[in-house]
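Trainee: sequence unavailable; structure follows:
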């Protein structure tokens, strides 16, 4: 039995705590907030998109960073395993569009309470209002390290003279964890530490980048971080006029010049500064780096407002409306095609005077208006900030971590799980699956 200290009581920290405690370790979860799961509480607009009910192999295309690193994690604790875990913990689940999994109650608090019950049942100790200042390590004793090195050399069959007997192997950790120092100066001894501090997004929930500092202080590489799954800022003055308008079945294309960077179909919403919604958030994960490198820092975007109709079908639909009221003004006919708040903007951009009689509209004018419907334009000028980001891109480099155990390659007994790592995905329950799976693997690896 080991004494396991888990820094952070979010999704990864709680799940790691459950399985480490079930394995009869002495588990202490250190959470600086007044309660566990503050970020879990607000995920999925308070509903908590627990995972995605896809087959395990379908998780990898949804990963934006280092998908191969997650092979062991995902196959050790699959989406089906996650669903079974919560069902057994007393949370009935449902699967919605896009295989998104939610509690039947639509309350994220049910997920948090289930994890708290399982932690209590397994005997884990929870320390609230408890912040960590430093993770403490010490060198591995030479004798122990030499024995480990010799064992490793023997197992690897390196009898061909590679490496001398008694020499420290670079593949064997030269240091090990001894515990943590709390912000009040208290030293808490531990055999293993799991860093599950989250990223840098939604800082009001406690995700203030502590894990990155711990990693750097311990000599581990941390990649550059950036907000991901964020709203997008736009240039045109007609976008704010549409503030609050949601479109559920819309096509999106983002281009850099003539090159298509991203295409998707789904739900989005206009805001006072740009666009947001599930489809936009996923787009942000794909285009962040490309936007920074684009000419003038801008990308062109287009919405297909009628993706279910071909140009020919759309033309036929418009002609039917025109034929039903040939003497009506244009503005009084096209209202049936769009939400009321969108109609004025379509009139503004459509190139056809609002008062023009239907029978005076030329085929060319009609075709131009169809162009607008199939490619409603706007310019992306920026990304949302960390305070708006659902997740963080970047983090502790996965090159520092053993993908089969989540343990540091350099420091024995030091584990990382969840968003603190350089791992991120699109929306749809995938990022929580990363948290659950890496946490499970870390907990199971502790001896």
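Mentor: Right, received. Where do you want to start? Quick caveat, the model's predicted, so the values are computed rather than measured.

Trainee: helices of this protein, start to end?
Mentor: Assigned by DSSP state H, the chain shows helices spanning 11-22, 38-42, 71-76, 79-88, 108-122, 142-155, 210-217, 278-293, 311-324, 343-349, 363-374, 430-445.

Trainee: can you pull the contacts of residue 434?
Mentor: By C-beta atoms under 8 Å, 6 or more residues apart in numbering, the contact set of residue 434 is 63, 70, 73, 418, 419, 423, 424, 425. C-beta coordinates here come from the backbone N, C-alpha and C atoms, glycine included.

Trainee: any chance of a markdown table for those, columns neighbour count, pLDDT and distance to residue 304?
Mentor: Formatted as a markdown table, those follow (neighbours: other C-beta atoms under 10 Å; pLDDT from 0 to 100; distance: C-beta to C-beta, whole Å):
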| residue | neighbour count | pLDDT | distance to residue 304 |
| --- | --- | --- | --- |
| 63 | 21 | 96 | 27 |
| 70 | 23 | 98 | 33 |
| 73 | 25 | 98 | 37 |
| 418 | 31 | 98 | 36 |
| 419 | 30 | 97 | 33 |
| 423 | 31 | 97 | 32 |
| 424 | 24 | 96 | 27 |
| 425 | 26 | 95 | 25 |
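
Trainee: so residue 348 touches residue 238, yeah?
Mentor: Yes - if you go by C-beta atoms under 8 Å, residue 348 and residue 238 touch, sitting 6.3 Å apart.

Trainee: which one's more surrounded, these two?
Mentor: residue 238 (16 against 11; other C-beta atoms under 10 Å).

Trainee: residues of stretch 229-244 that come out buried?
Mentor: 229, 230, 231, 232, 233, 234, 238, 239, 242 (16 or more other C-beta atoms under 10 Å).

Trainee: for these, name the two members farthest from one another.
Mentor: Maximum pairwise distance among the buried residues of stretch 229-244 (C-beta to C-beta): 25.5 Å, between 229 and 238.

Trainee: just to check, residue 225 is in contact with residue 211?
Mentor: No - using C-beta under 8 Å as the test, residue 225 is too far from residue 211 to be in contact (10.7 Å).

Trainee: any residues in contact with both of those two?
Mentor: By C-beta under 8 Å, 6+ apart, residue 225 and residue 211 have these common neighbours: residue 395.

Trainee: okay, these two: which has more neighbours?
Mentor: Applying other C-beta under 10 Å to residue 225 and residue 211 shows that residue 211 carries more neighbours, namely 28 against 18.

Trainee: gap between the more buried one and residue 274?
Mentor: Separation of residue 211 from residue 274 (C-beta to C-beta, to the nearest Å) stands at 30 Å.

Trainee: residue 111 too?
Mentor: From residue 111 to residue 274 the distance is 31 Å (C-beta to C-beta).

Trainee: same question, residue 136
Mentor: In terms of C-beta to C-beta, residue 136 sits 45 Å off from residue 274.

Trainee: swap in residue 314?
Mentor: In terms of C-beta to C-beta, residue 314 sits 26 Å off from residue 274.

Trainee: higher neighbour count, those two?
Mentor: residue 274 (24 against 18).

Trainee: name all residues that make contact with the more buried one.
Mentor: Going by C-beta under 8 Å, 6+ apart, residue 274 touches 231, 232, 233, 234, 239, 380, 382.

Trainee: relative to residue 389, which of the residues you listed is nearest.
Mentor: residue 231 (9.2 Å).

Trainee: how much space separates that closest one from residue 393?
Mentor: 15 Å.

Trainee: so what touches stretch 235-250?
Mentor: For stretch 235-250, the external contacting residues (C-beta under 8 Å, 6+ apart) are 265-275, 277, 279, 298, 303-305, 307-308, 339, 341-342, 344-345, 348-349, 377-381.

Trainee: for residue 382, which non-adjacent residue is closest in space?
Mentor: residue 233 (3.8 Å; C-beta to C-beta, 6 or more residues apart in numbering).

Trainee: mind pulling up the pLDDT for the one you found?
Mentor: Per-residue confidence at residue 233 stands at 97 (pLDDT).

Trainee: you'd agree it is up against residue 271?
Mentor: No - contact criterion C-beta under 8 Å: residue 233 and residue 271 do not qualify, at 9.1 Å.

Trainee: residue ranges with poor pLDDT in the stretch 1-150 of the chain?
Mentor: In the predicted model, the stretch 1-150 of the chain carries pLDDT under 70 at residues 142-150.

Trainee: distance to residue 248 added to the helices of the chain, as TSV?
Mentor: Below are those laid out as TSV (distance: least, C-beta to C-beta, whole Å):
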stretch	distance to residue 248
helix 11-22	28
helix 38-42	23
helix 71-76	30
helix 79-88	25
helix 108-122	23
helix 142-155	57
helix 210-217	37
helix 278-293	10
helix 311-324	18
helix 343-349	18
helix 363-374	16
helix 430-445	21
